[in-house]
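J.: this one's sequence-less:
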């Protein structure tokens, strides 16, 4: 007799996790042996888990990660020079809390983007906001936003996210517009938020890539100064996968 109005009230109060747990427990014959305190503890535990799962799903949706990559699936056996101790440290996320940066560097196909997404997924689990974007696409989007008056709102959003992942740094030289946008992004984030970049080019070539010495000094000072570096090597893992399949 009490079950129906209790469930209705739980839903009215927005306690969906408790409502589901209440229904499950009520349908379980063993639940009759539980005391009131045990019932309440189980209901609260289910509600907390439900809310955490919902917040994580929301953070992952906003992150727009390119790959469904999680730390548990990282392949440490592949020959790509992966420093497991450094990666384990990065996955703990202290560098994000300290507002430091990270550069993942290596040739095409060694899993830079995948690892960046795995780190981003772990950051979402740790209650950080994350946004993934390819740098060339971001520059194009910001140019359009400047033309239609949305640039201030876009830049504010980029400055606010806890971890910004800029994939495919260095695919093409930066023009004046790209240099300006990139410097503004890094200036807003330096010492306040964390930035992760992936690149096929070694850091020593980034200065020439930026193209303008003044901008290059300013950009690299904000990006490389406090950056951890995860450097990879070896053959493309895509080629290895094709060979195995064949």
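T.: Great, that's in hand. As the structure is a prediction and not an experimental result, all values here were calculated from the model.

J.: I'd guess residue 80 is in a helix, am I close?
T.: No: using DSSP: H, G, I helix; E, B strand; the rest coil, the assignment for residue 80 is coil, not a helix.

J.: number of nearby residues for it?
T.: Using other C-beta atoms under 10 Å, residue 80 has 22 neighbouring residues. Bear in mind the C-beta positions are built from the backbone N, C-alpha and C, glycine included.

J.: ok, how many other residues are close to the nearest residue to residue 68 once chain neighbours are set aside?
T.: Nearest non-adjacent residue to residue 68, counting by C-beta to C-beta, 6 or more residues apart in numbering: residue 117, 7.8 Å away. One way to gauge burial is a neighbour count; for residue 117, by other C-beta under 10 Å, it gives 25.

J.: The helix or strand harbouring residue 96: what's the following helix or strand?
T.: Following DSSP states H and E, one finds residue 96 within helix 94-97. Toward the C-terminal end, the helix or strand that comes next after helix 94-97 (DSSP H and E) is strand 101-105.

J.: what's the next secondary structure element after that next one?
T.: Moving toward the C-terminus from strand 101-105, the first helix or strand encountered (DSSP H and E) is helix 112-125.

J.: Show me what that following helix is packed against.
T.: Helices and strands in packing contact with helix 112-125 are listed as helix 36-63, helix 84-92, strand 101-105, strand 130-134, strand 163-169, strand 194-199; criterion 3 or more C-beta pairs under 8 Å, 6 or more residues apart in numbering; DSSP states H and E.

J.: Who are the packing partners of the fifth one?
T.: For strand 163-169, the helices and strands in contact under the criterion 3+ C-beta pairs under 8 Å, 6+ apart are helix 112-125, strand 130-134, helix 135-148, strand 194-199.

J.: Go through the third one and flag the buried ones.
T.: Within helix 135-148, the residues scored as buried using 16 or more other C-beta atoms under 10 Å are 135, 136, 138, 139, 142, 145, 146.

J.: Format the residues you listed as TSV; extra columns: distance to residue 203.
T.: Rendered in TSV, the data for those read as follows (distance: C-beta to C-beta, whole Å):
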residue	distance to residue 203
135	15
136	19
138	20
139	20
142	24
145	29
146	29
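
J.: Of those, which is the nearest to residue 229?
T.: Nearest to residue 229 among the buried residues of helix 135-148: residue 135, at 17.5 Å, using C-beta to C-beta.

J.: Pretty sure that closest one sits against residue 166.
T.: Yes: counting by C-beta atoms under 8 Å, residue 135 sits close enough to residue 166 to count as a contact (4.6 Å).

J.: Overlap of the contact sets of the two?
T.: residue 197 (C-beta atoms under 8 Å, 6 or more residues apart in numbering).

J.: Just the pLDDT at the closest residue to residue 125 other than its chain neighbours, thanks.
T.: Distances taken as C-beta to C-beta, 6+ apart place residue 56 nearest to residue 125, at 6.3 Å, with adjacent residues excluded. Each residue has a pLDDT score; the one for residue 56 is 88.

J.: What is the burial count for residue 56?
T.: Neighbour tally, residue 56, other C-beta under 10 Å: 15.

J.: so it makes contact with residue 128?
T.: No: taking C-beta under 8 Å as the contact criterion, residue 56 and residue 128 are not neighbours in contact, 11.0 Å apart.
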